[in-house]
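S.K.: sequence isn't available, so here's the structure alone:
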(Lines give C-alpha, C1' and ligand atoms only; values in the text may rest on other atoms or scores of the structure.)
Protein backbone atom coordinates (compact mmCIF):
# COMPACT_ATOMS: atom_id res chain seq x y z
CA UNK A 1 0.00 0.00 0.00
CA UNK A 2 1.47 3.38 -0.94
CA UNK A 3 1.60 6.26 1.53
CA UNK A 4 -1.41 8.05 0.05
CA UNK A 5 -3.53 4.87 0.32
CA UNK A 6 -2.39 4.52 3.95
CA UNK A 7 -3.44 8.10 4.71
CA UNK A 8 -6.83 7.39 3.17
CA UNK A 9 -7.18 4.20 5.24
CA UNK A 10 -6.48 6.14 8.46
CA UNK A 11 -9.03 8.78 7.44
CA UNK A 12 -11.59 6.08 6.70
CA UNK A 13 -11.09 4.56 10.17
CA UNK A 14 -11.92 7.95 11.72
CA UNK A 15 -15.42 7.88 10.19
CA UNK A 16 -16.36 5.36 12.89
CA UNK A 17 -16.07 8.18 15.46
CA UNK A 18 -18.54 10.44 13.63
CA UNK A 19 -22.03 10.25 15.15
CA UNK A 20 -25.34 11.48 13.75
CA UNK A 21 -26.07 15.16 14.36
CA UNK A 22 -22.48 16.04 15.28
CA UNK A 23 -20.61 19.21 14.43
CA UNK A 24 -17.16 17.84 13.57
CA UNK A 25 -13.88 19.72 13.92
CA UNK A 26 -11.74 19.13 10.85
CA UNK A 27 -7.99 19.58 10.53
CA UNK A 28 -5.63 20.58 7.75
CA UNK A 29 -3.20 18.70 5.52
CA UNK A 30 -3.04 15.76 3.13
CA UNK A 31 -4.48 13.16 5.54
CA UNK A 32 -7.21 15.56 6.73
CA UNK A 33 -8.09 16.16 3.06
CA UNK A 34 -8.87 12.45 2.70
CA UNK A 35 -11.12 12.72 5.76
CA UNK A 36 -12.93 15.73 4.24
CA UNK A 37 -13.50 13.85 0.97
CA UNK A 38 -14.83 10.80 2.85
CA UNK A 39 -17.01 13.01 5.09
CA UNK A 40 -18.76 14.20 1.92
CA UNK A 41 -20.23 10.69 1.61
CA UNK A 42 -22.03 10.99 4.97
CA UNK A 43 -22.63 14.76 5.04
CA UNK A 44 -26.38 14.24 5.46
CA UNK A 45 -25.74 12.62 8.84
CA UNK A 46 -23.82 15.51 10.41
CA UNK A 47 -24.96 19.05 11.29
CA UNK A 48 -21.77 20.58 9.93
CA UNK A 49 -18.11 21.24 10.64
CA UNK A 50 -15.61 23.68 12.11
CA UNK A 51 -12.46 24.03 9.97
CA UNK A 52 -8.94 24.65 11.29
CA UNK A 53 -7.86 26.60 8.18
CA UNK A 54 -9.20 28.58 5.23
CA UNK A 55 -7.95 25.82 2.90
CA UNK A 56 -9.94 23.12 4.72
CA UNK A 57 -13.00 25.39 4.92
CA UNK A 58 -12.94 25.81 1.13
CA UNK A 59 -12.58 22.07 0.57
CA UNK A 60 -15.49 21.32 2.91
CA UNK A 61 -17.68 23.94 1.22
CA UNK A 62 -16.80 22.54 -2.22
CA UNK A 63 -18.43 19.28 -1.07
CA UNK A 64 -21.51 21.16 0.15
CA UNK A 65 -20.63 20.52 3.81
CA UNK A 66 -21.66 23.41 6.12
CA UNK A 67 -18.76 25.17 7.89
CA UNK A 68 -19.47 27.03 11.13
CA UNK A 69 -17.51 29.55 13.15
CA UNK A 70 -16.26 27.95 16.38
CA UNK A 71 -17.73 30.86 18.38
CA UNK A 72 -21.18 29.93 17.09
CA UNK A 73 -21.07 26.27 18.14
CA UNK A 74 -19.14 26.17 21.43
CA UNK A 75 -17.60 22.84 22.49
CA UNK A 76 -17.13 20.21 19.79
CA UNK A 77 -17.66 16.49 20.41
CA UNK A 78 -14.97 15.46 17.89
CA UNK A 79 -11.87 16.80 16.14
CA UNK A 80 -10.11 14.80 13.41
CA UNK A 81 -6.69 15.85 12.13
CA UNK A 82 -3.34 14.49 11.00
CA UNK A 83 0.16 15.03 12.44
CA UNK A 84 3.71 15.51 11.24
CA UNK A 85 5.08 13.33 14.06
CA UNK A 86 3.42 11.25 16.77
CA UNK A 87 4.62 9.16 19.69
CA UNK A 88 2.98 6.21 21.46
CA UNK A 89 2.17 8.64 24.29
CA UNK A 90 -0.02 10.47 21.70
CA UNK A 91 2.17 13.58 21.82
CA UNK A 92 2.32 15.26 18.41
CA UNK A 93 4.16 17.77 16.29
CA UNK A 94 1.77 19.63 14.01
CA UNK A 95 2.00 22.72 11.85
CA UNK A 96 3.78 21.50 8.72
CA UNK A 97 0.90 23.09 6.81
CA UNK A 98 1.12 26.26 8.89
CA UNK A 99 -2.34 25.97 10.49
CA UNK A 100 -1.11 25.13 14.00
CA UNK A 101 -2.86 27.96 15.86
CA UNK A 102 -6.34 27.21 14.59
CA UNK A 103 -5.66 23.48 14.88
CA UNK A 104 -4.72 23.92 18.52
CA UNK A 105 -7.80 26.05 19.21
CA UNK A 106 -10.15 23.50 17.64
CA UNK A 107 -8.37 20.62 19.42
CA UNK A 108 -8.67 22.51 22.71
CA UNK A 109 -12.40 23.04 22.16
CA UNK A 110 -13.00 19.36 21.41
CA UNK A 111 -14.03 16.59 23.77
CA UNK A 112 -12.25 13.95 21.67
CA UNK A 113 -9.24 14.48 19.39
CA UNK A 114 -8.74 11.64 16.92
CA UNK A 115 -5.38 11.86 15.14
CA UNK A 116 -5.04 10.06 11.80
CA UNK A 117 -1.62 9.19 10.38
CA UNK A 118 0.34 6.65 8.40
CA UNK A 119 3.03 4.61 10.17
CA UNK A 120 5.87 6.83 8.84
CA UNK A 121 4.72 9.52 11.32
CA UNK A 122 5.31 7.34 14.41
CA UNK A 123 8.57 8.20 16.23
CA UNK A 124 10.16 7.24 19.54
CA UNK A 125 10.69 10.93 20.41
CA UNK A 126 9.66 14.19 18.74
CA UNK A 127 11.94 16.67 17.01
CA UNK A 128 13.33 15.20 13.81
CA UNK A 129 10.50 16.98 12.04
CA UNK A 130 11.30 20.70 12.54
CA UNK A 131 9.04 22.15 15.25
CA UNK A 132 6.83 24.93 13.81
CA UNK A 133 6.22 28.08 15.86
CA UNK A 134 3.72 30.73 14.80
CA UNK A 135 5.37 34.06 15.64
CA UNK A 136 4.23 37.68 15.54
CA UNK A 137 6.41 39.38 12.87
CA UNK A 138 7.86 41.98 15.28
CA UNK A 139 9.15 39.19 17.57
CA UNK A 140 10.81 37.05 14.88
CA UNK A 141 14.46 37.82 15.70
CA UNK A 142 13.91 37.84 19.46
CA UNK A 143 12.15 34.45 19.39
CA UNK A 144 14.86 33.04 17.10
CA UNK A 145 17.58 34.10 19.58
CA UNK A 146 15.69 32.49 22.47
CA UNK A 147 15.41 29.23 20.52
CA UNK A 148 19.14 29.22 19.73
CA UNK A 149 19.71 29.49 23.49
CA UNK A 150 17.61 26.34 23.92
CA UNK A 151 19.76 24.51 21.36
CA UNK A 152 17.43 24.85 18.38
CA UNK A 153 18.19 26.08 14.88
CA UNK A 154 15.37 28.41 13.77
CA UNK A 155 14.60 28.72 10.05
CA UNK A 156 12.07 31.26 8.76
CA UNK A 157 9.48 29.65 6.48
CA UNK A 158 10.08 31.82 3.41
CA UNK A 159 7.16 33.41 1.60
CA UNK A 160 4.59 32.04 4.04
CA UNK A 161 2.03 33.94 6.09
CA UNK A 162 -0.45 32.16 8.36
CA UNK A 163 -4.23 32.65 8.17
CA UNK A 164 -3.72 34.96 11.17
CA UNK A 165 -1.16 37.18 9.37
CA UNK A 166 1.88 35.84 11.24
CA UNK A 167 5.17 34.11 10.39
CA UNK A 168 6.36 30.53 10.95
CA UNK A 169 9.75 29.65 12.39
CA UNK A 170 10.66 25.98 11.89
CA UNK A 171 13.01 24.85 14.66
CA UNK A 172 15.51 22.20 13.61
CA UNK A 173 17.97 20.27 15.76
CA UNK A 174 15.69 19.50 18.72
CA UNK A 175 15.45 16.20 20.59
CA UNK A 176 12.23 16.64 22.53
CA UNK A 177 12.35 14.22 25.44
CA UNK A 178 9.79 16.09 27.61
CA UNK A 179 7.31 17.66 25.19
CA UNK A 180 4.91 18.87 27.91
CA UNK A 181 7.72 20.76 29.67
CA UNK A 182 9.08 22.26 26.44
CA UNK A 183 5.60 23.32 25.31
CA UNK A 184 5.15 25.16 28.62
CA UNK A 185 8.56 26.86 28.34
CA UNK A 186 7.99 28.01 24.77
CA UNK A 187 4.52 29.31 25.61
CA UNK A 188 6.20 31.73 28.03
CA UNK A 189 8.32 33.41 25.32
CA UNK A 190 6.66 36.69 24.30
CA UNK A 191 5.82 36.83 20.61
CA UNK A 192 5.20 33.11 20.13
CA UNK A 193 1.52 32.77 19.27
CA UNK A 194 1.44 28.97 19.17
CA UNK A 195 3.88 26.10 19.55
CA UNK A 196 3.45 23.12 17.20
CA UNK A 197 3.71 20.71 20.14
CA UNK A 198 0.42 19.05 21.01
CA UNK A 199 1.47 17.53 24.32
CA UNK A 200 -0.30 19.43 27.11
CA UNK A 201 -3.46 18.51 25.19
CA UNK A 202 -2.42 15.40 23.26
CA UNK A 203 -4.56 13.28 20.94
CA UNK A 204 -7.09 11.03 22.67
CA UNK A 205 -6.88 8.39 19.94
CA UNK A 206 -4.21 7.78 17.28
CA UNK A 207 -5.35 5.79 14.26
CA UNK A 208 -2.14 4.58 12.66
CA UNK A 209 -2.34 3.08 9.22
CA UNK A 210 0.19 0.27 8.74
CA UNK A 211 0.79 -2.34 6.05
CA UNK A 212 -1.04 -4.79 8.35
CA UNK A 213 -4.05 -2.53 8.84
CA UNK A 214 -5.13 0.11 11.35
CA UNK A 215 -3.44 0.20 14.77
CA UNK A 216 -5.44 2.09 17.37
CA UNK A 217 -3.43 3.78 20.13
CA UNK A 218 -5.22 5.31 23.13
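M.R.: Looks like it arrived, so ask away. From a predicted model like this one, the values you see are computed outputs, not experimental measurements.
S.K.: domain parsing for the protein?
M.R.: Domains of the chain are assigned by automatic domain parsing as 3-122+200-217, 131-195.
S.K.: dump those domains to TSV, plus mean neighbour count.
M.R.: Using the backbone N, CA and C atoms, a C-beta is placed for each residue, glycine as well. TSV is the format used below for the domains of the chain (neighbours: other C-beta atoms under 10 Å):
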stretch	mean neighbour count
domain 3-122+200-217	19
domain 131-195	17
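S.K.: got those domains as JSON lines, with mean pLDDT columns?
M.R.: Converted to JSON lines, the domains of the chain look like this (pLDDT from 0 to 100):
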{"stretch": "domain 3-122+200-217", "mean pLDDT": "97"}
{"stretch": "domain 131-195", "mean pLDDT": "97"}
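S.K.: what does stretch 112-122 rub up against?
M.R.: With contact meaning C-beta atoms under 8 Å, 6 or more residues apart in numbering, stretch 112-122 is reached by 3, 6-7, 10-11, 13-14, 17, 31-32, 35, 77-88, 90, 92, 107, 201-211, 215.
S.K.: strands of this protein, start to end?
M.R.: For the chain, the strands defined by DSSP state E cover 23-26, 48-51, 78-81, 85-86, 92-93, 113-118, 131-135, 153-156, 167-172, 192-195, 197-198, 205-210, 213-217.
S.K.: what would these look like in JSON lines with distance to residue 60?
M.R.: Converted to JSON lines, the strands of the chain look like this (distance: least, C-beta to C-beta, whole Å):
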{"stretch": "strand 23-26", "distance to residue 60": "6"}
{"stretch": "strand 48-51", "distance to residue 60": "5"}
{"stretch": "strand 78-81", "distance to residue 60": "12"}
{"stretch": "strand 85-86", "distance to residue 60": "24"}
{"stretch": "strand 92-93", "distance to residue 60": "22"}
{"stretch": "strand 113-118", "distance to residue 60": "16"}
{"stretch": "strand 131-135", "distance to residue 60": "22"}
{"stretch": "strand 153-156", "distance to residue 60": "30"}
{"stretch": "strand 167-172", "distance to residue 60": "23"}
{"stretch": "strand 192-195", "distance to residue 60": "22"}
{"stretch": "strand 197-198", "distance to residue 60": "22"}
{"stretch": "strand 205-210", "distance to residue 60": "20"}
{"stretch": "strand 213-217", "distance to residue 60": "24"}
